[in-house]
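Student: below is the sequence, then the predicted model.
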Amino acid sequence: MRLFCSLLLAIAALAAEPADWIWTGRYVVTMDPQRRVIENGAIAIRGERILAAGSQSEIERGYQARQRLDRPDAILAPGLIDTHTHAAMSLLRGIADDLRLQEWLEHYIFPAEARNVTPDFVRWGTRLGCLEMLLSGTTTYTDMYYFEDVVAEATREAGMRGVLGETIIGFPSPDAKTPQDALAFTERFLSRFHADPLIVAAVAPHAIYTNSDETLRACRALANRHGAPLVIHLSETKRENEECLAKRKMTPTKALDALGVFNGRTVAAHAVWVDESDLAILKARGVGIAHCPSSNMKLASGVAPVTRMLALDLAVGLGPDGPAGSNNDFNMFEEMDLAAKLQKVSTGDPRNLPAEAAVEMATIRGARALGMEKEIGSLEPGKRADLISIRLDRPNAVPLYNVYSQMVYALKGSDVEDVMVNGKLLVKDTRPLTLNAAQIEAKAREYREQVQKSLR
């Protein structure tokens, strides 16, 4: 009998499909079209892609893996998708707070950047940002900054996925004296990272109020020539809208649409001051929206009409924005929590933006905002193996009645235990495997001294 059972096990093993990894957990939050939450679930992975997500018994029968990660007290979920930030600005964290956006930019950020931003600054700032993002469960982020080729190098070094936009702005910047220089830099950047497995190179005109119409049109044309996305700030503040209305007799959304800026893959950050006709344009053009609740609250920019956007089924993701005063961290768990609560208090209806919708914005809907929903954002066969485990064995994690509610209102970025991107384990047992945390933090302290001296 023992021999017969051994023979059956051997036959089953031969029939099982080979896999590189099997992850198991108490729950698997798939974010697939059926929104399956699988209790005692598992995920099989081979190479860069997911083979299957199902019950542990199904996965164990169907796959034999070289490596395992068993987390009986954890949620397994898609890696979180940040749709708007400025990673290298981590080195300017807290440089100026409690100010209006224009004052913050014009009197603190732009001068600090002019005196300090170099390729080395960007490299170490991006490393610091990637370290913080990975440790809190972000696997893909959308960036807008300078020396974006260096951002891409540091992002690949970390093993993260990035939609990385080279900033184009209408005054001398750290890496370009003119918008024409910035466009030429961006073209080289797009060519260099074309078809990279982790990096999506993008064109990033800062905003309508910092670029000429000619530059904005050139940005769209450049993006379309390379099949690249365009990333832009849109209607972040009431002042931006009022100035655009006074100058153009149109909202920023209508003005950009008239310029043809939305005629291609676009990610618009903020979209706070948008009306119903603006939303109709954004929907018709398929523009992805990056909602940044922490930033909009901290800068008193206003409340984006996210409830209405979701009712219209716009592709709305979440982003922490920059860590230098408009937020100060990269914590996507915080953004989920605040996004849900901000819509409730601003509309007076606690039913608006429920927890599941907030998780959706941080995963599959965020992927839609980036035009990447066929590759990332859910745990489905054929998709990239970008996933995280979140601990459920801490006081803030018990008791658990609803997984989505727990993820949004109770769990924290610090509860993330393991992170995988593109089939490669980047964080295990809360320890980064691709980045030297002590070295990065020491370098950040060095840069603090430099930045502080430069502003005296």
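Tutor: That came through fine.
Student: alpha carbons only for contacts and neighbour counts from here, please
Tutor: Fine.
Student: quick one, strands of the stretch 51-200 of the chain?
Tutor: Ranges of strands in the stretch 51-200 of the chain, per DSSP state E, counting those that start in this stretch, are 63-78, 80-85, 138-145, 161-168, 199-205.
Student: of those, flag the one that's most buried.
Tutor: strand 80-85 (a mean of 30; mean count of other Cα atoms under 10 Å).
Student: list of residues touching it?
Tutor: 137-144, 269, 290-292, 317-323, 332, 362-363, 366-367, 369-370, 377 (Cα atoms under 8 Å, 6 or more residues apart in numbering).
Student: using CSV, write out every CA atom in it.
Tutor: Coordinates of the C-alpha atoms in strand 80-85 are reproduced here as CSV (Å, rounded to 0.1, in the frame of the first residue of the first chain):
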residue,chain,number,x,y,z
LEU,A,80,0.3,48.6,-5.7
ILE,A,81,0.4,51.1,-8.6
ASP,A,82,1.4,54.7,-7.9
THR,A,83,0.1,56.8,-10.8
HIS,A,84,1.9,60.1,-9.9
THR,A,85,5.0,61.0,-7.9
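Student: going forward, the N-terminal residue is numbered 38.
Tutor: All set: I'll call the first residue 38, so the last point we hit is now strand 117-122.
Student: hmm, back to that, just send the strands of the stretch 88-237 of the chain back as JSON lines, with distance to Glu169 too.
Tutor: As requested, the strands of the stretch 88-237 of the chain are exported to JSON lines (distance: least, Cα to Cα, whole Å):
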{"stretch": "strand 100-115", "distance to Glu169": "18"}
{"stretch": "strand 117-122", "distance to Glu169": "12"}
{"stretch": "strand 175-182", "distance to Glu169": "9"}
{"stretch": "strand 198-205", "distance to Glu169": "14"}
{"stretch": "strand 236-242", "distance to Glu169": "19"}
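Student: reformat those strands as CSV; add mean pLDDT and distance to Ser94.
Tutor: Converted to CSV, those look like this (pLDDT from 0 to 100; distance: least, Cα to Cα, whole Å):
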stretch, mean pLDDT, distance to Ser94
strand 100-115, 98, 10
strand 117-122, 98, 27
strand 175-182, 98, 28
strand 198-205, 98, 31
strand 236-242, 98, 36
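Student: closest one to Leu259 among these?
Tutor: Smallest distance to Leu259 across the strands of the stretch 88-237 of the chain (Cα to Cα): 7.6 Å, for strand 236-242.
Student: residues of the following helix or strand past the closest one that come out buried?
Tutor: Scanning forward in sequence from strand 236-242 by DSSP states H and E, the next helix or strand is helix 250-262. Judged by neighbour count using 16 or more other Cα atoms under 10 Å, the buried positions of helix 250-262 are Thr252, Leu253, Arg254, Ala255, Cys256, Arg257, Ala258, Leu259, Ala260, Asn261.
Student: list the contacts of the third one.
Tutor: I take that to be Arg254. Contacts of Arg254 by Cα under 8 Å, 6+ apart are Leu296, Gly297, Val298.
Student: span of stretch 447-456 from start to end?
Tutor: Terminal residues of stretch 447-456 lie 20 Å apart, using Cα to Cα, to the nearest Å.
Student: quick one on the thing from earlier: Thr155: which of the contacts of Arg254 is nearest?
Tutor: Val298 (29.4 Å).
Student: from Val435, how far off is that closest one?
Tutor: For Val298, the distance to Val435 - Cα to Cα - is 48 Å.
Student: ok, those two, which is more surrounded?
Tutor: Val298 (23 against 12; other Cα atoms under 10 Å).
Student: now the more buried one. Nearest residue, chain neighbours left out?
Tutor: Nearest residue to Val298, sequence neighbours excluded (Cα to Cα, 6 or more residues apart in numbering): Arg257, at 5.5 Å.
Student: my guess is that neighbour contacts Leu296, does it?
Tutor: No: contact between Arg257 and Leu296 fails when scored by Cα atoms under 8 Å: they sit 9.3 Å apart.
Student: please parse the chain into its domains.
Tutor: 54-115+417-469, 117-406 (automatic domain parsing).
Student: point to the residue nearest the middle of this protein.
Tutor: Closest residue to the average C-alpha location of the chain: Asp119 at 1.3 Å, with Cα atoms, centre = their mean.
Student: identify the bridge partners of it.
Tutor: Beta-bridge pairing for Asp119 (DSSP bridges): Tyr178, Leu355.
Student: what about it, distance to His270?
Tutor: 15 Å.
Student: cool, Ile132 as well?
Tutor: 22 Å.
Student: what angle sits between the helix or strand hosting Trp58 and strand 100-115?
Tutor: For Trp58, the host element (DSSP H and E) is strand 54-66. Note on geometry: by axes from the mean of the first three to the mean of the last three Cα atoms, to 10 degrees, strand 54-66 and strand 100-115 are set 30 degrees apart in direction.
Student: quick one: strands adjacent to strand 54-66?
Tutor: Applying DSSP bridges, one finds strand 54-66 paired with strand 74-83 (antiparallel), strand 100-115 (parallel).
Student: nearest to Trp161, of those strands?
Tutor: strand 100-115 (27.1 Å).
Student: okay, the angle between that closest one and strand 175-182?
Tutor: Angle of strand 100-115 versus strand 175-182, following the same axes, to 10 degrees, is 50 degrees.
Student: contacts for strand 100-115?
Tutor: 50, 53-68, 77, 81, 400, 413-416, 423-430.
Student: export that strand as CSV, just CAs?
Tutor: Taking C-alpha atoms only, strand 100-115 is exported to CSV below (Å, rounded to 0.1, in the frame of the first residue of the first chain):
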residue,chain,number,x,y,z
TYR,A,100,2.2,22.9,-10.2
GLN,A,101,5.5,21.8,-8.8
ALA,A,102,7.8,24.7,-7.9
ARG,A,103,11.5,25.2,-7.3
GLN,A,104,10.8,27.7,-4.6
ARG,A,105,8.0,28.4,-2.2
LEU,A,106,6.8,31.3,0.0
ASP,A,107,4.2,30.2,2.5
ARG,A,108,2.5,33.0,4.4
PRO,A,109,-0.4,31.4,6.4
ASP,A,110,-1.1,34.7,8.1
ALA,A,111,-1.0,37.1,5.2
ILE,A,112,-3.0,38.6,2.3
LEU,A,113,-1.4,38.1,-1.1
ALA,A,114,-2.4,41.0,-3.4
PRO,A,115,-1.3,42.7,-6.6
